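>>> quick one, what's the 3D model for this:
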Amino acid sequence: MPVDPLWNSTTALELAAQRRPGALIRLGREHRSWTLAVLGDRIGCSPATVSRLERRTRIVDLALVHRAALEVGVPRHVLTTSLAPPPATATAATRVTASSRDAEEDPMRRRTLLTATAAAGPAALLMGLDDALAATPAAPGAGPIDGRLAGARTLYDKGSHAPLLAALPDLIADAHSAVASRRSLDQARLSAVYSLTSAVLIKLGSNDRARLTADRARTWAEISGSPLVAAAAARELAIVLRHQNQTDAAQRLMSSAAAELEATGLRTDATAAAYAQMLCTLAYTAARGGQRTEALAMTEEARRAARHLPQVVPTGRLFNLSPAAVDLYAVGVHWALGDAGAALDAGKNLRPEQFPTAERKARMSTDMARAWWAWQRPEQTARALLDAYRASPGEVRDRPAIRGIVNELAERHPRTCGVRELYAAVTRA
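Numbers count the residues shown, from 1 in each chain. Predicted structure coming up:
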């Protein structure tokens with residue numbers, strides 16, 4: 001398809017190089033002689049929102065930027081250039097004194113120190129990730145991205161949140177460097193890196209950071225054109241929206257994304273698993289919104305969609321759903337609807353060996369613990385949380401809601417069997 005000469009002009013190329021997508025949107029709008037109101041009507045927002053979008057240098061809503069840019073005709077390769085963080089500049093070696101260490105430390109050295117201190121826990125590593133999200137560091141070229149992304153997913157599946165956070169800044173940097181190729185596969189990889197980043201941030205309760213990375217994942221997924229990667233990114237964004245109490249927006253997003261995926265025909269186990277998992281997410285989101293009928297109907301639809309999936313999920317998939325995993329989602333759906341008895345009944349036949357990863361085994365136990373806690377059974381709650389901790393300490397220690405239950409157990413039932421052991425294990429870590 002021929003590109004409008006406007007986008008090969010010096011002005012357009014300079015705006016892209018300066019990382020000013022808003023200015024590019026304004027250039028395209030004015031080229032079409034559209035008012036702010038016209039563009040706002042076309043992308044579903046007010047003229048004031050369009051004006052802010054065009055004037056801002058800091059991107060707040062990447063999905064809206066992407067939609068507006070495509071509406072005014074910004075070519076994808078120009079938009080991609082404008083969205084890339086500014087390249088890192090080499091930092092001269094400095095002599096760091098005790099008084100100036102925080103301000104002058106070399107960024108590469110800082111990341112090395114952060115990696116070395118991963119044992120300090122996820123909270124101490126978030127500042128390193130913040131740096132990478134604010135301005136992508138110099139790409140270290142640490143090896144093929146596919147293998148490192150697989151390794152990062154393995155850390156997630158183990159619940160090893162601190163080592164994963166330590167690895168993400170360099171992985172983000174290399175993935176951003178790779179998209180200079182403009183290949184859809186590299187763009188899909190970058191989206192997958194951001195989706196994984198969002199997933200671990202959600203675990204830690206860092207919802208504002210997770211919203212940022214989920215938006216980036218969705219933008220790069222749309223640019224790549226990969227249905228599976230787009231589904232994964234939409235799911236992470238919907239989960240963030242749910243955690244931010246925007247259940248209606250989360251449901252609309254998931255419904256649309258599930259319909260788009262279903263339209264592909266679901267001809268492979270990978271797409272069928274993705275579709276079923278999105279239905280599970282829709283069911284849980286509906287339950288959190290108090291929509292009982294829709295939540296239960298979606299759960300049953302997910303069961304039907306997953307019935308032909310393998311019991312053992314192949315490694316390396318974006319969506320690792322199995323029929324047993326749908327039953328685990330049902331536990332969460334009933335718990336969210338306030339029916340602890342139904343949640344316990346839904347999970348009564350679940351066993352750790354049905355789940356291939358430590359994260360999922362621990363998630364089974366934490367979901368059952370939440371149901372036992374709602375059922376006012378402290379001993380069973382403590383036992384389930386101890387099982388979760390033994391499977392994956394991070395799933396208990398790092399998740400604010402689960403750690404909150406541990407603290408409440410210790411405060412209200414300190415003499416209950418297992419509570420003292422559980423509290424000591426979590427607080428010692």
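
>>> nearest residue to residue 142 in space, please, no chain neighbours.
residue 170 (5.7 Å; CB to CB, 6 or more residues apart in numbering). The way it works is simple: take the backbone N, C-alpha and C, and place the C-beta from them, glycine included.

>>> which element is the one you found on?
Counting by DSSP states H and E, the element that carries residue 170 is helix 161-178.

>>> quick check: next helix or strand after that helix?
Next element after helix 161-178 (DSSP H and E): helix 184-203.

>>> picking up where we left off before, what is the helix holding residue 170 packed up against?
Applying 3 or more CB pairs under 8 Å, 6 or more residues apart in numbering; DSSP states H and E, one finds that helix 161-178 contacts helix 107-116, helix 122-134, helix 145-158, helix 184-203.

>>> pick the most deeply packed of those helices.
Of all the helices and strands packed on helix 161-178, helix 184-203 carries the top mean neighbour count, a mean of 24, counting by mean count of other CB atoms under 10 Å.

>>> packing partners for that helix?
helix 145-158, helix 161-178, helix 207-224, helix 227-243.

>>> switch to 6 Å and redo it
When contacts are defined as 3 or more CB pairs under 6 Å, 6 or more residues apart in numbering; DSSP states H and E, helix 184-203 sits against helix 161-178, helix 207-224, helix 227-243.

>>> and it, how far out from the chain middle?
The chain centroid and the centroid of helix 184-203 are separated by 7 Å under CA atoms, centre = their mean, to the nearest Å.

>>> which other residues reach that helix?
Around helix 184-203, the neighbours that count as contacts under CB atoms under 6 Å, 6 or more residues apart in numbering are 145, 152, 161, 164, 168, 171-172, 175, 178-179, 209-210, 213-214, 216-217, 220-221, 223-226, 229, 232-233, 236, 239, 399.

>>> follow-up on the earlier one: pLDDT wise, what is the residue nearest to residue 142 at?
In this model, residue 170 is scored at 92, pLDDT.

>>> got it, and residue 31?
In this model, residue 31 carries a pLDDT of 93.

>>> got the contact list for it?
residue 6.

>>> ok, now how distant is it from residue 72?
From residue 31 across to residue 72, the span is 7 Å (CB to CB, to the nearest Å).

>>> residue 33 now?
11 Å.

>>> repeat that for residue 332.
Taking CB to CB as the measure, residue 332 falls 42 Å from residue 72.

>>> higher neighbour count, the two?
Comparing residue 332 with residue 72 by other CB atoms under 10 Å, the one with more neighbours is residue 332, at 23 against 19.

>>> how about the secondary structure of that one?
helix (DSSP: H, G, I helix; E, B strand; the rest coil).

>>> so it is in contact with residue 367, correct?
Yes - with contact defined as CB atoms under 6 Å, residue 332 counts as touching residue 367 (5.4 Å).

>>> what angle separates the helix holding residue 170 from helix 207-224?
Interaxial angle of helix 161-178 relative to helix 207-224 (axes from the mean of the first three to the mean of the last three CA atoms, to 10 degrees): 30 degrees.

>>> list the buried residues for helix 161-178?
161-178 (16 or more other CB atoms under 10 Å).

>>> which one of the helices and strands packed on helix 184-203 lies nearest to residue 8?
Closest to residue 8 of these, according to CB to CB: helix 207-224, at 19.3 Å.

>>> for the protein, what are the low-confidence residue spans?
1-3, 57-61, 84-124, 313-317, 429 (pLDDT under 70).

>>> which residue lies nearest the spatial centre of it?
Nearest residue to the geometric centre of the chain (CA atoms, centre = their mean): residue 198, 2.5 Å.

>>> how far away is that one from residue 300?
Taken as CB to CB, the span from residue 198 to residue 300 is 28 Å.

>>> using PDB, write out every CA atom in stretch 258-269.
Extracted in PDB, the C-alpha atoms of stretch 258-269 (Å, rounded to 0.1, in the frame of the first residue of the first chain):
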ATOM      1  CA  ALA A 258     -12.900 -13.200  23.100                       C
ATOM      2  CA  ALA A 259     -15.200 -12.600  20.100                       C
ATOM      3  CA  GLU A 260     -12.200 -11.600  17.900                       C
ATOM      4  CA  LEU A 261     -10.400 -14.700  18.900                       C
ATOM      5  CA  GLU A 262     -13.400 -16.900  18.300                       C
ATOM      6  CA  ALA A 263     -13.700 -15.400  14.800                       C
ATOM      7  CA  THR A 264     -10.300 -17.000  13.900                       C
ATOM      8  CA  GLY A 265     -12.000 -20.400  14.000                       C
ATOM      9  CA  LEU A 266     -10.200 -21.800  17.100                       C
ATOM     10  CA  ARG A 267      -8.500 -24.500  14.900                       C
ATOM     11  CA  THR A 268      -5.600 -25.300  17.200                       C
ATOM     12  CA  ASP A 269      -5.300 -26.300  20.900                       C
END
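
>>> now it, how far from the centre of its chain.
Relative to its parent chain, stretch 258-269 has a centroid offset of 21 Å by CA atoms, centre = their mean.

>>> residues contacting that stretch, please?
Residues from elsewhere that reach stretch 258-269 (CB under 6 Å, 6+ apart): 227, 231, 272, 274, 275, 278.

>>> for the residues you listed, which one is nearest residue 410?
residue 278 (37.4 Å).

>>> what about that closest one, how many residues close to it?
The burial count assigned to residue 278 is 28, neighbours taken as other CB under 10 Å.

>>> contact partners for it?
235, 254, 258.

>>> and which of the contacts of stretch 258-269 is nearest residue 243?
Using CB to CB, residue 278 is the member of these that lies nearest residue 243, at 17.0 Å.

>>> so the residue nearest to that closest one when sequence neighbours are not counted, which of the three states?
For residue 278, ignoring the flanking residues on the chain, the nearest one in space by CB to CB, 6+ apart is residue 258 at 4.4 Å. Under three-state DSSP, the three-state class of residue 258 is helix.

>>> now residue 298. Nearest residue, chain neighbours left out?
Excluding the flanking residues, the one nearest residue 298 by CB to CB, 6+ apart is residue 283, at 3.6 Å.

>>> kindly report the same for residue 148.
Counting by CB to CB, 6+ apart, residue 171 is the residue found nearest to residue 148 once chain neighbours are left out, at 5.6 Å.

>>> show me where the stretch 251-400 of the chain has its helices.
269-288, 292-306, 323-336, 340-346, 358-374, 378-391, 393-397, 400-412 (DSSP state H, counting those that start in this stretch).

>>> typo on my end, the stretch 1-150 of the chain
10-17, 21-31, 36-43, 47-55, 62-71, 76-83, 101-104, 107-116, 122-134, 145-158.

>>> which secondary structure elements does the strand or helix carrying residue 427 contact?
Per DSSP H and E: residue 427 is located in helix 419-428. Applying 3+ CB pairs under 6 Å, 6+ apart, we find helix 419-428 packed against helix 378-391, helix 400-412.
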